[in-house]
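Peer 1: task: produce atomic coordinates for the following.
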Amino acid sequence: MYRTEKNNLKKFYGTGRRKTSSARVWISKGTGMFLVNKKPLNKFLSRDILQEIIQRPFKVAKSINQFDVHATVKGGGISGQLGALVHGIVRAILKYNEKYKPVLKKHKLTTRDSRVVERKKYGQAGARKKFQYSKR
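Peer 2: Next comes the predicted model:
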């Protein structure tokens, strides 16, 4: 938590990660404005379903349109960045107030999704796939 010098608003910070993406998220009391990489949410994520997924932590905590979100996301693709944003938002909400933890945990939002792409092994076509076997 830190205070801005201009208007003395409290901001709460959370770091989210998913696959190879990482998101730095700041939330403050407001009207539900989202800025991701200095773009409004509808410019950053064009599909409505993706915007709904980002709103999920606020819906679960029954605090929709009560916070402004400022975030920067780096690395990975759309899916990883979306997961990292949600994880960062949840962590920032928990810094704001711990009372939301049981309901967020019930919806499995507090845990980082640790699944990442498995590396390709030498002598194979991929991580698990083998080259075709030829008897003759």
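Peer 1: helix or strand for the most centrally placed residue in the chain, which one?
Peer 2: Per Cα atoms, centre = their mean, the C-alpha nearest to the average position across the chain is that of residue 85, at 1.9 Å. For residue 85, the host element (DSSP states H and E) is helix 78-96.
Peer 1: then residue 31?
Peer 2: Using DSSP H and E, residue 31 falls outside every helix and strand.
Peer 1: just the helices in the chain please.
Peer 2: 41-44, 48-60, 78-96, 101-106 (DSSP state H).
Peer 1: residue 32 is nearest to which of those?
Peer 2: For those, proximity to residue 32 was assessed by Cβ to Cβ; helix 48-60 is nearest, at 7.9 Å. All C-beta atoms are positioned from the backbone trio N, CA, C, and that covers glycine.
Peer 1: was I right about residue 94 contacting residue 101?
Peer 2: Yes - between residue 94 and residue 101 a contact is recorded at 5.9 Å, counting by Cβ atoms under 8 Å.
Peer 1: more neighbours: these two, which one.
Peer 2: residue 94 (20 against 15; other Cβ atoms under 10 Å).
Peer 1: residues touching the more buried one, list them.
Peer 2: Contact partners of residue 94, counting by Cβ atoms under 8 Å, 6 or more residues apart in numbering, are 14, 100-101, 104, 110.
Peer 1: before we move on, what about residue 86?
Peer 2: Residue 86 neighbours (Cβ under 8 Å, 6+ apart): 16, 53-54, 56-57, 109.
Peer 1: residue 54 now?
Peer 2: Residue 54 touches 34, 41, 45, 82, 85-86, 89, counting by Cβ under 8 Å, 6+ apart.
Peer 1: now the residues you listed in JSON lines, with distance to residue 24 and pLDDT?
Peer 2: JSON lines is the format used below for the contacts of residue 54 (distance: Cβ to Cβ, whole Å; pLDDT from 0 to 100):
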{"residue": "34", "distance to residue 24": "14", "pLDDT": "93"}
{"residue": "41", "distance to residue 24": "16", "pLDDT": "91"}
{"residue": "45", "distance to residue 24": "17", "pLDDT": "90"}
{"residue": "82", "distance to residue 24": "15", "pLDDT": "95"}
{"residue": "85", "distance to residue 24": "10", "pLDDT": "96"}
{"residue": "86", "distance to residue 24": "14", "pLDDT": "96"}
{"residue": "89", "distance to residue 24": "11", "pLDDT": "96"}
